[in-house]
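*Asks:* What follows is a predicted structure for the sequence shown.
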Amino acid sequence: MAAAALNLRQNYSLYAIPAAWILSLAPHFYAVQLGKFDNRNPRSYTKSLESDQSIDAETKGRIQRAEGAQQNGFENVGLFAAAVVAGNIAKLDNWTLNALTGGYLASRVLYNLLYINNTTDGAANARSAVFVSGIAMIFTLFIKAGNALKGQL
């Protein structure tokens, strides 16, 4: 239904950049509601968990994994944004831009869920595979852009 509401012939790729940033931040908001977050010293949040006896070990792990998911998202959102801009500069077709940026956003949603809920080696391996697939979409954008611009610069 939502896909039917979108005109997929339009280029939505630039909208994916702020969406990726929001998806990077989302795990932090989840983690904050699980524990005792001190906004005066936000970077000490996961460290302060170690001595907090009021939070059980499972919740502490979930908070730490959510914060890790947030950090991972912010670590690669710049690479994603650069790839999207490169794809637009190269005038890649809208279907390619939409498919790769939409696929990347979907990989980030799945990555966050797998990271936060990970308690097994299998889930950790799935998370890593999803991460690599998202990075592959970024690299695909760069390669397609490079191929399109070959000889033009």
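*Replies:* Structure's in. What do you need?

*Asks:* after the biggest helix by length in the chain comes which helix or strand?
*Replies:* Across the chain, the helix with the greatest residue count (assigned by DSSP state H) is helix 57-89. From helix 57-89 onward toward the C-terminus, using DSSP states H and E, the following helix or strand is helix 94-117.

*Asks:* looking just at contacts, which helices and strands does that next one meet?
*Replies:* helix 16-34, helix 57-89, helix 121-149 (3 or more C-beta pairs under 8 Å, 6 or more residues apart in numbering; DSSP states H and E). All C-beta atoms are positioned from the backbone trio N, CA, C, and that covers glycine.

*Asks:* could you check the angle helix 121-149 makes with it?
*Replies:* 160 degrees (axes from the mean of the first three to the mean of the last three C-alpha atoms, to 10 degrees).

*Asks:* gap between Gly78 and Ala26?
*Replies:* 18 Å (C-beta to C-beta, to the nearest Å).

*Asks:* For the longest helix of the chain, name the packing helices and strands.
*Replies:* Applying 3+ C-beta pairs under 8 Å, 6+ apart, we find helix 57-89 packed against helix 16-34, helix 45-49, helix 94-117, helix 121-149.

*Asks:* Now those in TSV, please, with extra columns for distance to Asn88 and mean pLDDT.
*Replies:* Listed next are those as TSV, based on distance: least, C-beta to C-beta, whole Å; pLDDT from 0 to 100:
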stretch	distance to Asn88	mean pLDDT
helix 16-34	10	94
helix 45-49	36	70
helix 94-117	7	97
helix 121-149	8	97
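
*Asks:* which of the ones you listed is buried the deepest?
*Replies:* Of the helices and strands packed on helix 57-89, the one with the most neighbours on average (mean count of other C-beta atoms under 10 Å) is helix 94-117, at a mean of 19.
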